Structure formats: C-alpha cells, structure tokens
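1. my questions are about this predicted structure, shown below with the sequence.
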Amino acid sequence: MSAKVNERVLSERAVQFLESMPAAYRNAFSDSDVEEHAQIAQQRGSDLAQAVVWRTLPQGLAILCVVTEDRPGLVALVSSAFLAHALDVRSAQIYCRTHPAGVDAVDFFWLRNVGGGAPEPSRLEACTRTIRELLESASAAPELAPVAEIVRSSHERWDGAGYPDGLAAQDIPLGARIVAVCDSWEAMTSSRAYRAAMSPTLALNEITRCSGSQFDPRVVAAFLAVRQAASGVDAVTGTTSAATSARIS
C-alpha cells in the first residue's frame, strides 16, 4: 500500500520514516532512496545499531549507512572504526530522526581506502562489525565517552583545515593533538599494501615540516624530544648526542 506525500508516492513505512526525518534529509534524497533507508531502519529492529553498505559508486566510493540511537561521541566512535580498517571519509551526511521511542541517528559516510581505491567488500563488512561492537561497548561503558571525543578530533588540524568540526589550535582536545602526531608517525613508518614504509628520518622530517600547520608545535617538539631521548639521535640533525656517544664507547 502506498501514500502520496508532497507529490511523493511512498509506502506507508517510507512515509513514516520520511515524516520523522528533518527537512534537509527530505530535500537530499529521492523516493527510491527513502524507501531503501526506511528498510534499513526497519531491519535494525531491536538491535543497538544497523550498519550497512547502502551504495557503491563508480568513482571508487562506498556509502555506508549507520542507524542507531543518537548519543554524544557517536561520530567519533564510527570514525575510529574507519581508522581501524584504513578507510578514508570523503564526505558525510548526519541526520537525527525523531520517533515515539526516542531519537535515532541516521548517518551516511562516503568511504574509500586510505591511499585511494574502492573499499573491498570484505573490508567494509569487517568495518560494519567493528562499528556495531564499538557501539555496544560504549553503551556498556559510558565512561569511554571522553576517549570517543579524542578519536573524533584526531583528524583536526592545528590551522583549522581538518575535519569533522574544523577545530583549530587550542580548541582541539590535547589528547587528539597528541594522537594526530603519533598516528601519523605510525602510518608513515609502517608498510602498507600500496607503499613501503618511510624511513624514520624522512618521517620525522615530515612531522617537523607540518609543525604549526597540521600539528601542534608543542606536541611536535615533545615528540621529537622523546624520540631523541629514546634513540640518542637528534631527531632533526640525525647526529648522535654526546651522552649517547659516551655510553656507546
């Protein structure tokens, strides 16, 4: 059975779903899209979350749809799953759906592999499992919410050109600024399927180059000092410190 809403012809299930969504959503998707999203929301049932690949696009992108109870730090938790599976978020659309039982988040993420290329089905499937597990863990341990905020902000940049919130400088949580430097170091010095690992010297030079633009200069300085103390080699010049020379001799 179908109904007509503002010149749309939709099933009753889709009508109920559409009426629970904000105007921005209604203007962004077609009738067939709404029907599919209503089905995804219904398939969630009593589960905490439903995460499915809604579309794959010829540009090498996949659109993941996540439907779950709205909560603080939700996008951060989902983003941590993308990081864990080396998926890069190219775009996102975030909506809140109000219904008799409460408020749900209905979120869409345009994904590709870090470094480029279409995400493999197995990687996307593993990512959806991780999302559900993270959301279940967060419900069982709400004290992890501050950690979620650090994860959420770990792609912000010191100069304000990062995402998802465009935070800059001291507005970025300190933990996220530290994670940004450490994560970049780990990514550069680890081998990937699409490239070999970068040498420690080149990686340190890159982190130094991005100090003040991508990274907090104070965090970079602390990171370089820790690296020098651990290795006995000046992180910038590559020379061995006198103290280390004495120990070696």
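-> Everything's here; your move.
2. hey, let's count contacts and neighbours off CA atoms from now on
-> OK.
3. which residues does the spatially most central residue of the chain contact?
-> The chain has Ser79 as the residue nearest its centroid, 2.3 Å off, counting by Cα atoms, centre = their mean. Applying Cα atoms under 8 Å, 6 or more residues apart in numbering to Ser79 gives the contacts 151-152.
4. so it: helix, strand or coil?
-> Of the three states, Ser79 takes helix under DSSP: H, G, I helix; E, B strand; the rest coil.
5. which parts of the helix or strand Arg97 falls within are buried?
-> Here Arg97 is covered by strand 87-99, with elements defined by DSSP states H and E. Neighbour-count burial for strand 87-99 flags 87-89, 92, 95-98 (criterion: 16 or more other Cα atoms under 10 Å).
6. for the chain, which segments count as strands?
-> 2-5, 8-11, 49-57, 61-69, 87-99, 102-113 (DSSP state E).
7. tell me the most buried of those strands?
-> Using mean count of other Cα atoms under 10 Å, the stretch among these with the largest mean neighbour count is strand 61-69, at a mean of 22.
8. quick one, that one and strand 102-113 angle?
-> Interaxial angle, strand 61-69 versus strand 102-113 (axes from the mean of the first three to the mean of the last three Cα atoms, to 10 degrees): 160 degrees.
9. please enumerate residues in contact with strand 61-69?
-> Everything outside strand 61-69 that qualifies as a contact, by Cα under 8 Å, 6+ apart, is 40-41, 44, 48-57, 102-112, 117-119.
10. got it, and stretch 100-110?
-> Contacts of stretch 100-110 (Cα under 8 Å, 6+ apart): 61-70, 89-98.
11. show me how the record splits this protein into domains.
-> Per automatic domain parsing, the structural domains of the chain span 45-142, 169-248.
12. among those domains, single out whichever gets nearest to Ala28.
-> domain 45-142 (9.8 Å; Cα to Cα).
13. residue ranges with poor pLDDT in this structure?
-> Within the chain, the ranges that satisfy pLDDT under 70 run 1-8, 72, 138-146, 148, 193, 230-249.
14. quick one, longest helix in the protein?
-> helix 121-140 (DSSP state H).
15. and the angle for that helix with strand 87-99?
-> 50 degrees.
16. please state the offset of helix 121-140 from the chain centre?
-> Centroid separation between helix 121-140 and its chain, computed with Cα atoms, centre = their mean, to the nearest Å, is 13 Å.
17. and for stretch 51-66?
-> 15 Å.
18. ends of that stretch, how far apart?
-> Stretch 51-66 stretches 4 Å from its first residue to its last (Cα to Cα, to the nearest Å).
19. Gln59: neighbouring residues, count only.
-> Look at Gln59: counted by other Cα atoms under 10 Å, it has 9 neighbours.
20. residue contacts, it?
-> Neighbouring residues of Gln59 by Cα under 8 Å, 6+ apart: Ala118.
21. how far does stretch 30-42 sit from its chain's centre?
-> 24 Å.
22. contacts for that stretch, please.
-> Counting by Cα under 8 Å, 6+ apart, 8-11, 13-14, 17-18, 50, 52, 67 sit against stretch 30-42.
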